[in-house]
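# task: produce atomic coordinates for the following.
(one chain, ligands or ions: 2)
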Amino acid sequence: MLDTATDLRSMLKDPSLLATKAYVAGEWIDADDGTTFAVNNPARGDDICQVPNLGRAETARAIAAAQAAMKDWAARTAKERANILRKWFNLMMENQDDLGAILTAEMGKPLAEAKGEIAYGASFIEWFAEEAKRVYGETIPGHQPDKRITVIRQPIGVVGSITPWNFPNAMITRKCGPALAVGCGFVARPAAETPLSALALAVLAERAGLPKGIFSVITSKRSSDIGKEFCENPLVRKLTFTGSTEVGRILLRQAADQVMKCSMELGGNAPFIVFDDADLDAAVAGAMMSKFRNNGQTCVCANRIYVQAGVYDAFAAKLREAVAKSRVGDGLKEDVQFGPLVNMAAVEKVQEHIADATAKGAQVILGGDRHEKGGNFFQPTILTGVTDEMVVTNEETFGPVAPLYRFETEEEVVAKANNTIFGLAAYFYARDIGRVTRVQEALEYGIVGVNTGIISTEVAPFGGVKQSGLGREGSRHGMEDYLEMKYICLSI
Ligand SMILES: NC(=O)C1=CN([C@@H]2O[C@H](COP(=O)(O)OP(=O)(O)OC[C@H]3O[C@@H](n4cnc5c(N)ncnc54)[C@H](OP(=O)(O)O)[C@@H]3O)[C@@H](O)[C@H]2O)C=CC1
Ligand SMILES: O=C(O)[C@H](O)CS(=O)(=O)O
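Ligands and ions are numbered 1, 2, ... in the order given. Presented below is the predicted three-dimensional model:
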């Protein structure tokens, strides 16, 4: 089999999209100390390329450049910014195939899913190009005859962004879209596993006409150092993070010293509830999408599947039949539904969750072990007889494991669904209008899918409650996190 780098370059219509230097202050640079790190293909285990291993000094330069570039960028009309963002969107879609191939190579998701992420990521640039022109202020009747009150909204300042490996394009555009639309400078630090998608975005940003310095990409394995630079550098006024709740807590503590505004898109533990009046075939289709999208590696994947007793066996059988048809393999070479997990640590976590569940009495009705393809591949797995005592109940598996719990009553399952520190996404299937209304209001989550397993769209406010995060991304609300409100009291 050809190595990934050779394979990838032969696939790319525009090989210049495979950038291997960091993008700082409008220049393509190496690390000051010359060090690099490898970007690995999780499907084959080989290295695609080396990229620079930047540190705090380079990050500080990117932040200073963003601050300097903001003066002109924020002074442009919203329409000028919108037109450049629109060009960026067009370039992303024109290069969707290449961007998808680069994404699959570094992250592992099947090519069709990777191309889907490019369209999803691009939709945030398109959406916020439009929203740029609708940042309205207000006038308020004065409290005294000689007072005139106005409220204006201005860009918050330089934004530091830290994103995970599972959506290496969309998690960045969901943040830089609104930030750039309102006039902020933006410094992106993608996960070390997946820097190439971010660098490809920078190549297209240059072509779209984003001014030098307004958008930088820091490639680095020194995630903690970069995070500290974002939190300690006085020029940074906003930190936006997507990743685990554990790291979110670390960053919030660090950002507190500067009282820095933070957006946090953190971990989840999504319940997926199937009531006995559900359309079972629709529920199975929804579970397939919600549970197994991105090989189960999304924060909104169904993590606990609760099925009412009267339809439990039928649902389990239908889900097993549907999952058994899926193919596992190298997303760059084959037409598959499941790629590899991102690394061996992810494989081991999945194995631990299955071992714990079976040791406590769960049954494996499909899969349950590493895939015969070896490496980071894992068999799509369904567990039955799952109970609250098992680790899967409270920990995010972040892999292709569908644990089925049996329940009797609506009250019981709502209490179980809410019994978690997380509150990002929840799903349920039912057709009785009274039940639908009661349950959608009772679930303590930022996002609720009713008779659907896919809720991801740029037009809606994405975000969690409890320890799943702070703030919302996407929708018109996604602009708020990058704006400051100023109240002007004019005495005449
Ligand atoms: N709510 C949401 O929208 C999402 C939530 N998640 C959650 O994230 C987890 C999986 O993603 P994963 O990447 O493992 O999450 P992590 O939280 O480990 O990493 C996320 C990002 O943070 C960086 N990072 C790690 N430690 C630090 C630190 N001390 N200071 C600064 N940056 C740091 C990582 O860099 P590096 O990897 O290079 O160390 C990575 O870029 C799951 O819990 C999932 O639910 C993931 C995606 C979306
Ligand atoms: O990183 C994630 O898991 C995403 O936030 C999920 S989604 O936005 O693609 O639904």
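# show me which residues of the stretch 251-400 of the chain sit near ligand 2.
Residues of the stretch 251-400 of the chain lying close to ligand 2 by Cβ under 6 Å from any ligand atom are 265, 298-300. Heads up, the C-betas are built off the backbone N, CA and C, glycines and all.
# contacting residues around Leu17?
By Cβ atoms under 8 Å, 6 or more residues apart in numbering, the contact set of Leu17 is 95, 98-99, 102, 200, 203-204.
# in ChimeraX, select just the buried ones from the residues of the stretch 251-400 of the chain next to ligand 2.
Remark: buried members of these, expressed as a ChimeraX selection using 16 or more other Cβ atoms under 10 Å:
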select :265,298,299,300
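# among the residues of the stretch 251-400 of the chain next to ligand 2, which pair sits farthest apart?
Glu265 and Thr298 (11.2 Å; Cβ to Cβ).
# which pLDDT does the model give Lys333?
According to the prediction, Lys333 has pLDDT 89.
# how close does it sit to Ala101?
For Lys333, the distance to Ala101 equals 11 Å [Cβ to Cβ, to the nearest Å].
# all helices for the stretch 201-350 of the chain, in order.
223-232, 245-256, 280-292, 312-324, 344-359 (DSSP state H, counting those that start in this stretch).
# pipe the residues of the stretch 251-400 of the chain next to ligand 2 into a markdown table and attach pLDDT and distance to Ile250 per row.
A markdown table is the format used below for those (pLDDT from 0 to 100; distance: Cβ to Cβ, whole Å):
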| residue | pLDDT | distance to Ile250 |
| --- | --- | --- |
| Glu265 | 98 | 15 |
| Thr298 | 98 | 22 |
| Cys299 | 98 | 17 |
| Val300 | 98 | 22 |
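# for the closest residue to Ala285 other than its chain neighbours, give me its contacts.
Nearest non-adjacent residue to Ala285, counting by Cβ to Cβ, 6 or more residues apart in numbering: Gly453, 7.2 Å away. Applying Cβ under 8 Å, 6+ apart to Gly453 gives the contacts 272, 285-291, 302, 427.
# swap in Gly331?
Taking Cβ under 8 Å, 6+ apart, we find Gly331 in contact with 43, 104, 108-111, 113-114, 339.
# report the buried members of these.
Buried members of those, counted by 16+ other Cβ under 10 Å: 43, 104, 108-111, 113-114, 339.
# which residue ranges of the stretch 351-492 of the chain form strands?
363-366, 381-384, 401-407, 425-429, 447-450, 469-470, 483-491 (DSSP state E, counting those that start in this stretch).
# out of the helices and strands in the chain, which is least certain?
The weakest-scoring helix or strand in the chain, judged by mean pLDDT, DSSP states H and E, is helix 4-11 (a mean of 92).
# go through it and flag the buried ones.
Neighbour counts using 16+ other Cβ under 10 Å place 4-5, 7-8, 11 of helix 4-11 among the buried residues.
# what do you get for stretch 66-84?
For stretch 66-84, a neighbour-count test (16+ other Cβ under 10 Å) marks 66-70, 73-74, 78, 81-84 as buried.
# now render those as TSV, adding distance to ligand 2, secondary structure and pLDDT.
Below are these laid out as TSV (distance: Cβ to the nearest ligand atom, whole Å; DSSP: H, G, I helix; E, B strand; the rest coil; pLDDT from 0 to 100):
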residue	distance to ligand 2	secondary structure	pLDDT
Ala66	24	helix	98
Gln67	28	helix	98
Ala68	31	helix	98
Ala69	28	helix	98
Met70	27	helix	98
Trp73	27	helix	98
Ala74	28	helix	98
Ala78	26	helix	98
Arg81	24	helix	98
Ala82	23	helix	98
Asn83	26	helix	98
Ile84	24	helix	98
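# and which of the residues you listed is nearest Gly361?
The closest of the buried residues of stretch 66-84 to Gly361 turns out to be Ala66 (Cβ to Cβ; 54.4 Å).
# roughly how far does the closest one sit from Glu480?
20 Å.
# one more: Gln96?
According to Cβ to Cβ, Gln96 and Glu480 sit 30 Å apart.
# thinking again about what came up before, and the furthest pair within the buried ones among the contacts of Gly331?
By the measure Cβ to Cβ, Ala43 and Glu113 form the most distant pair in the buried ones among the contacts of Gly331, at 13.0 Å.
# so what sits against both of those two?
By Cβ under 8 Å, 6+ apart, the residues touching both Ala43 and Glu113 are 331, 339.
# how about the nearest residue to the residue nearest the centre of the chain, chain neighbours excluded?
Taking Cα atoms, centre = their mean, the centroid of the chain lies closest to Met171, which sits 4.3 Å from it. Distances taken as Cβ to Cβ, 6+ apart place Thr163 nearest to Met171, at 4.1 Å, with adjacent residues excluded.
# my guess is that neighbour meets Glu193, correct?
No: using Cβ atoms under 8 Å, Thr163 is not in contact with Glu193; the gap is 10.9 Å.
# compare these two (neighbour count), which wins?
Remark: of Thr163 and Glu193, Thr163 carries more neighbours, 27 against 19, as counted by other Cβ atoms under 10 Å.
# got phi/psi on that one?
Note on Thr163: its backbone torsions stand at phi -130, psi 160 [degrees, to the nearest 10].
# how close does it get to ligand 1?
6 Å (Cβ to the nearest ligand atom, to the nearest Å).
# what's the answer for Lys221, then?
According to Cβ to the nearest ligand atom, Lys221 stands 6 Å off from ligand 1.
# now Tyr105: phi and psi?
Actually, residue 105 is Ala. It isn't Tyr. Per-residue torsions, Ala105: phi -60, psi -40 (degrees, to the nearest 10).
# who are the neighbours in contact with it?
Under the criterion of Cβ under 8 Å, 6+ apart, the neighbours of Ala105 are 4, 7-8, 41, 48, 196, 332.
# now do the contacts for Trp127.
177, 458-459, 474.
# from these, which land in helices?
Of the positions in the contacts of Trp127, Gly177 sit in helices, assigned by DSSP state H.
# ChimeraX command for the buried members of the contacts of Trp127?
Applied in ChimeraX, the following selects the buried portion of these according to 16+ other Cβ under 10 Å:
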select :177,458,474
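# farthest pair in the contacts of Trp127?
For these, with distances taken as Cβ to Cβ, the pair at the greatest spread is Gly177 and Val459 (12.6 Å).
# save the buried ones among the contacts of Gly331 as a markdown table, and put in pLDDT and secondary structure too.
Output for the buried ones among the contacts of Gly331, formatted as a markdown table (pLDDT from 0 to 100; DSSP: H, G, I helix; E, B strand; the rest coil):
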| residue | pLDDT | secondary structure |
| --- | --- | --- |
| Ala43 | 97 | coil |
| Thr104 | 98 | helix |
| Gly108 | 97 | coil |
| Lys109 | 97 | coil |
| Pro110 | 97 | coil |
| Leu111 | 97 | helix |
| Glu113 | 97 | helix |
| Ala114 | 98 | helix |
| Gly339 | 97 | coil |
